[in-house]
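Engineer: One predicted model, sequence on top.
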Amino acid sequence: MSIRDDNRLREQIAVYGKSLFDRGLTMGSSGNISVRLDDGGWLMTPTNACLGRLDPGGISRLDREGRHLDGDKPTKESVLHLAMYGERPQSGAIVHLHSTHSVAVSCLPEVDPCDCIPPLTAYYVMRVGKLPLVPYHMPGDPALGDAVKGLAGKHSAVLLANHGPVVAGKSLEAAVYATEELEETAKLYLLLRGQNPRGLTDEQVAELEARFPRD
């Protein structure tokens with residue numbers, strides 16, 4: 001990868017990180033973003049970094065084995081990203097947030113662990129699809145990577161119990177858009193609890209998934 005391309009991706013991560021932070025989709029030093037590089041390595045946001053104030057030059061670079069090459073120390077949740085990439089060679093970027101409504105859904109005891117949010121809208125199906133729940137693990141726990149591996153091959157997004165979503169996409173833009181769609185649909189789901197909402201039928205979901213593959 002050329003220096004120009006590397007710098008462009010670093011700038012994109014900083015721009016999208018600030019956009020997510022400024023709109024309240026992540027707060028403090030929570031959340032992390034990564035992008036797959038052409039050489040098989042990754043760019044990842046650093047540990048304890050605020051997505052709203054990222055220094056592009058300080059973004060971590062890892063090799064294809066996950067070893068830290070340069071930049072600041074990578075996020076302690078790099079295990080999540082590497083586990084998702086390992087099962088999804090087609091994915092080019094991953095976004096992990098502690099977004100309020102998605103985390104709220106992850107705390108509800110009655111959610112279906114195989115599919116936490118019903119197919120309420122077409123765009124949710126198109127950008128997220130089925131959303132399985134990953135049992136609670138402490139942030140940074142290596143066992144969390146193993147738990148994610150069991151689901152990532154079949155799903156482009158997972159919801160960590162009492163923690164938040166991890167969303168993969170073809171590109172950083174696609175991963176960000178899918179994360180935003182997930183958060184808005186989580187808000188809808190919470191607003192509609194107890195109202196017996198009309199979701200999309202199985203046939204409607206199948207038609208959308210056939211016409212709009214995520215990655």
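Structural biologist: Thanks, I have it. In this text the structure is predicted, and so the values were computed from the model without any measurement. Numbering: from 1, shown residues only.
Engineer: Enumerate the beta-bridge partners assigned to the most centrally placed residue in the chain.
Structural biologist: In the chain, the centroid-proximal residue (C-alpha atoms, centre = their mean) is residue 167; its distance is 2.4 Å. Judged by DSSP bridges, the bridge partners of residue 167 are residue 95, residue 157.
Engineer: Any regions of the chain where pLDDT drops low?
Structural biologist: Residue ranges of the chain with pLDDT under 70: 1-4.
Engineer: switch the cut-off to 50
Structural biologist: Within the chain, no stretch has pLDDT under 50.
Engineer: Mind jotting down where the strands sit in the protein?
Structural biologist: Assignment of strands within the chain using DSSP state E yields the ranges 32-36, 42-44, 60-62, 68-70, 93-96, 133-134, 157-160, 164-169.
Engineer: Can you name the residues in contact with the shortest one?
Structural biologist: The set of residues that contact strand 133-134 without belonging to it, under C-beta atoms under 8 Å, 6 or more residues apart in numbering, is 106, 111-114, 116, 144, 147-148, 151, 158-161. In this view, the C-beta of every residue, glycine as well, is placed from N, C-alpha and C.
Engineer: I'd like those as CSV, with distance to residue 18 and neighbour count appended.
Structural biologist: CSV is the format used below for the contacts of strand 133-134 (distance: C-beta to C-beta, whole Å; neighbours: other C-beta atoms under 10 Å):
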residue, distance to residue 18, neighbour count
106, 25, 22
111, 31, 18
112, 34, 12
113, 34, 11
114, 35, 11
116, 28, 23
144, 27, 22
147, 30, 19
148, 26, 24
151, 30, 21
158, 25, 25
159, 24, 28
160, 24, 24
161, 28, 18
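Engineer: wait, which of these is closest to residue 43?
Structural biologist: Distances from residue 43 to the contacts of strand 133-134, taken as C-beta to C-beta, are shortest for residue 148 (19.7 Å).
Engineer: How much space separates the closest one from residue 13?
Structural biologist: 21 Å (C-beta to C-beta, to the nearest Å).
Engineer: okay, the strands of the chain, which one's buried deepest?
Structural biologist: Here the criterion is mean neighbour count by mean count of other C-beta atoms under 10 Å, and of these the winner is strand 93-96, at a mean of 29.
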